[in-house]
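Asker: Predicted model and sequence follow; I will ask about them next.
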Amino acid sequence: MTDSDTELRDALRNAQDKVDSGHVPPFGSVWAAATVRARTMRRRRRAIVGSAAAAAAAVFAFGLLVQRGVELQFIDAEELLGTTSWSAPSDGLLPEHRFDIYEEIPVLIESTETYGGALL
């Protein structure tokens, strides 16, 4: 067993001993603790959503402030688009045409005489 398994087993045994001995906390205190946890999780979730919304608004505002249509200084777009070409990466992987199996059947070299008996 690992250390976490041992700790889990001991915690479960202690919790079961408390239940068996009658030391169960009252419903009101358990409900109050759950309410506090839920309120904390709601606040944390609101903070995360608010931060994400503020970041999105900042990115949007930055996008509006950036000048559009600024030409690139050192790159000529016409030259770049006119001199580039594309070919599929798989073209180099295709085999060369050697023979067409449906029309050109290659001659098979026979190792024995046709009527010479079984191959051993």
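Answerer: That came in fine, so what should we check first?

Asker: Can you list the residue ranges for strands in the chain?
Answerer: Assigned strands in the chain: none (criterion: DSSP state E).

Asker: Arg37 and His23: what is the separation?
Answerer: Taking C-beta to C-beta, to the nearest Å as the measure, Arg37 and His23 are separated by 21 Å. For every residue, glycine as well, the C-beta is placed using N, CA and C.

Asker: most centrally placed residue in the chain?
Answerer: Ala52 (21.7 Å; C-alpha atoms, centre = their mean).

Asker: what about it, distance to Arg45?
Answerer: Taking C-beta to C-beta, one finds Ala52 at 11 Å from Arg45.

Asker: shaky segments in the protein?
Answerer: 67-72, 89, 91-92, 94-120 (pLDDT under 70).

Asker: Which helix runs longest in the chain?
Answerer: In the chain, with assignment by DSSP state H, the single longest helix is helix 27-65.

Asker: for that one, packing partners?
Answerer: Here helix 27-65 touches no other helix or strand, going by 3 or more C-beta pairs under 8 Å, 6 or more residues apart in numbering; DSSP states H and E.
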